[in-house]
Each structure stands twice: as C-alpha cells, then as structure tokens.
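> Fold the stuff below for me.
(one chain, ligands or ions: 1)
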Amino acid sequence: MTKNEKLAVVRQYYPNARTTTDTINDLISFIEDQLDMETAQILMADSVCADDVNGVQYPTRTREFYGPFNLAGLWGYPFTGLTGMGAFSSHVPDNGAAFIYYGPHIGISKQGKVGEIHRFGQSVNSSCCGAAIGALTKFNNNAIEEGSIDEKNYQANTLEQLLLKNKERLSKSDEFGPQLMEVTEIAYEATDKRIQELISQTKFNNCKYIILLGIILINGDSDVGSFNAIKRFDVIDLSTNERTSYLNNLLD
Ligand SMILES: [Zn+2]
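Numbers count the residues shown, from 1 in each chain. Reported below is the predicted structural model:
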C-alpha cells in the first residue's frame, strides 16, 4: 500500500489526518526554524494510551527529544495528575522547552473498519482502543452504574463515568463506528481540558516554551503505521505567557 492509499482509508473518517511521521517531521522543523531551538533542548511528555501498539508505532524522530515522560495510563487521559505534570516541568533542560503530545487513540484497519487493527504476530484483528470499546460496550448494555469506580479498575471506570455524563451525544447513533468515534472525541475533549488545567497549575520555571500537540492518534494495521488528526498545536511563550496557535503549520 502506498502512503496515499493508506491516507485515503483513514481520511474517510478523519479528513485532516496525516501520517505521524509527517506530523513529527514538520513539528521538528517548526521548532528549529520558528522557535530557533534544538531538539536536545526539548523535554517531551506524552499522554497517550498505554497500549503496546502506541509503543510499536511511536514516531521515530521523537527520539531526538529528551524523554518521554509518560503522563497517561489507559485511553490517553493524564492520570498522573498534578504530581506527574510537576515532575515533568521540573525536568526540562535549562532554557529549554516542554513538549506535550496527547490524545486518545482509535484503530482503523486496512479494510476501513473503525475500532480494530491487525497486531503483529496475530491471525485475527483485535480491538483498538480496547479500553474505549470496553466502556462503550458497557454503556450500550446499560451496565455502567453512576459513581461506580473500583480502585482495581480505576482508569477504565473513569472513562465509563465520562461516557455516562455524555449519554446524549452517544445516543445519537446506534452504529458502532460512529459511536466509537464520538467516544474518542469525548475522550479527547476531557484529556485536552485536563491538560490545560494541569499546566495552568504547574510552574514551568526553567523553560522558554510549552508546546502542546493535541491529537487523535489513529493506529493502522501492523504493516501500515499510525496517523494523527491534529486538534491543537499551541505554543505558550513563558516570557510573556502569550499563547499562539500554529495549527496551520502542521496541516497539509
Ligand atoms: Zn487504548
């Protein structure tokens, strides 16, 4: 499959999706050209689902940054909270920048099926994001109890509660694909909101910029790779506290 053939599958659902490789290449060019910084001055954090596929499909050139600091757990939500963000902020190289890559993920197979991918070494496709699909299945079976969070399954239960709070949005369609995309959207909005809250309550004393890249991470089959539907690309200049969106720099 060529890159354009792969993109055509994903863009049926996410029209502005790009390969993760292209996103990160353009991000690095932006950092070098517009911010006049080197990748070695940047500490990266990610807030993406713990799923091994995200490790396998991790964009190679992010290895040029220092890090990553992992802020998430299941489904990409920054479960490490204020303590995680505080630790991350205190590890940024002197006069460097903090870069946060965050968002939920969703699988789209080569056949264009939403919510599943082929994983390495397996003969059949499997769920992606499994946590999101588990929560959606429970929602559709009316099996989510309001306020029910078991300490042993805290992260997944937190997503279930979020779905319950957004039941009207999820009830608009009874088709699995559109519903799962809506779950992913809800998860993105919650993650984005929490990331903003955490950075506003964290001191970034040591650095020049906070770079925020909010995405829906789209996983393809094992021989396809991953894509980003980019939702936010903001740079906060910490000398003025001014925030600027450079989203157009990362779109095709
Ligand atoms: Zn997941």
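
> Output the set of residues of the stretch 51-200 of the chain in proximity to the ion.
51, 129, 131 (Cβ under 5 Å from the ion). Yep, even glycine has a C-beta here, placed from its N, CA and C like the rest.

> Tell me where the stretch 101-250 of the chain has helices.
Using DSSP state H, counting those that start in this stretch, the helices of the stretch 101-250 of the chain run over 130-140, 154-165, 167-170, 176-200.

> I'd like these laid out as a markdown table, including distance to Phe69 and mean neighbour count.
Shown next, in a markdown table, are those (distance: least, Cβ to Cβ, whole Å; neighbours: other Cβ atoms under 10 Å):
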| stretch | distance to Phe69 | mean neighbour count |
| --- | --- | --- |
| helix 130-140 | 21 | 20 |
| helix 154-165 | 18 | 18 |
| helix 167-170 | 32 | 12 |
| helix 176-200 | 12 | 19 |
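
> just so I know, which of the ones you listed lies nearest Gly147?
With Cβ to Cβ, the closest approach to Gly147 among the helices of the stretch 101-250 of the chain belongs to helix 154-165: 7.3 Å.

> what does that closest one contact?
73-75, 77, 79, 131-132, 134-136, 138-139, 144, 146-150, 170, 183, 186-187, 190 (Cβ atoms under 8 Å, 6 or more residues apart in numbering).

> now do 7 Å
The contact list for helix 154-165 (Cβ atoms under 7 Å, 6 or more residues apart in numbering) reads 73-75, 77, 79, 131-132, 134-136, 138-139, 144, 146, 148-150, 170, 183, 186-187, 190.

> ok and the residue in the stretch 101-250 of the chain nearest the ion?
Relative to the ion, the nearest point of the stretch 101-250 of the chain is Cys129 (3.2 Å; Cβ to the ion).

> what's that residue sitting at in phi/psi?
The phi/psi pair for Cys129 (degrees, to the nearest 10) reads phi -80, psi 120.

> wait, doesn't it sit right on Val114?
No. Contact criterion Cβ atoms under 7 Å: Cys129 and Val114 do not qualify, at 11.0 Å.

> Now the common contact residues for these two.
In contact with both Cys129 and Val114: Ile106, using Cβ under 7 Å, 6+ apart.
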